[in-house]
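Engineer: got a predicted structure here, sequence first:
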Amino acid sequence: MKLYRLYTTQWLPLSLDEAWDFFSSPRNLAKITPPDMRFEILEGADRKTFAGQLIRYRVRPIWNIPMSWTTEITHCVDREYFVDEQRFGPYKLWHHLHRFTEKDGGVWMEDDLHYALYGGPFAPLANAIVEPRVKQIFDYRTVKLEELFGKPDTIRLRPTAS
């Protein structure tokens, strides 16, 4: 099974409490998801993020094809990080770490996503379609977060993945 990875960081002019409050509410995910995905939470988003939480969605990530997706929050440390993993959905594997670090007068938000696709030897061909879409979703989110919370007023160094 081939694993693919997307790692992003973004500095937000927020306190750690403000950042955690926003990102630990599953309902806010719709605010930072591209509208063409027609993201809809079906159940499980009535509480702040906690380990063991199951969240069921309907999305249209590619070609307007509706897909059901269930994720589980497998790890959650208040004001530090949480991990969502797909339980049912379009990926063979989806492991997404969200980490928050108070630094530089705001919060660094890191996303470390690992995913695998179905298709055996054809998975790399499918990834030629999936990878640009995943990157576009994260790029959209970056722009939306800057609209919601403001852009950094100076260029800041971004941490690298270890």
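Structural biologist: Cool, got the structure.
Engineer: packing partners for the longest helix belonging to the chain?
Structural biologist: For the chain, the helix that runs over the most residues, judged by DSSP state H, is helix 123-149. For helix 123-149, the elements it packs on are strand 4-12, strand 106-116, judged by 3 or more Cβ pairs under 8 Å, 6 or more residues apart in numbering; DSSP states H and E. For every residue, glycine as well, the C-beta is placed using N, CA and C.
Engineer: residue 147 is in contact with residue 32, correct?
Structural biologist: No. Applying Cβ atoms under 8 Å, one finds residue 32 not in contact with residue 147, separated by 9.6 Å.
Engineer: the two - which one has more neighbours?
Structural biologist: residue 32 (19 against 11; other Cβ atoms under 10 Å).
Engineer: check what pLDDT that one gets.
Structural biologist: Looking at residue 32, its pLDDT stands at 96.
Engineer: swap in the one 4 residues further on?
Structural biologist: Each residue has a pLDDT score; the one for residue 36 is 94.
Engineer: skipping its backbone neighbours, what lies nearest it in space?
Structural biologist: Once flanking residues are discounted, residue 36 sits nearest to residue 60: 7.3 Å by Cβ to Cβ, 6 or more residues apart in numbering.
Engineer: is the residue in the chain sticking out farthest from the centre in a helix, a strand, or coil?
Structural biologist: Computed with Cα atoms, centre = their mean, the residue of the chain farthest from its C-alpha average is residue 121, at 26.7 Å. Classification of residue 121 by DSSP: H, G, I helix; E, B strand; the rest coil places it in helix.
Engineer: do you know how far it is from residue 67?
Structural biologist: Residue 121 is 23 Å from residue 67, where distance means Cβ to Cβ, to the nearest Å.
Engineer: over to residue 12?
Structural biologist: For residue 12, the distance to residue 67 - Cβ to Cβ - is 29 Å.
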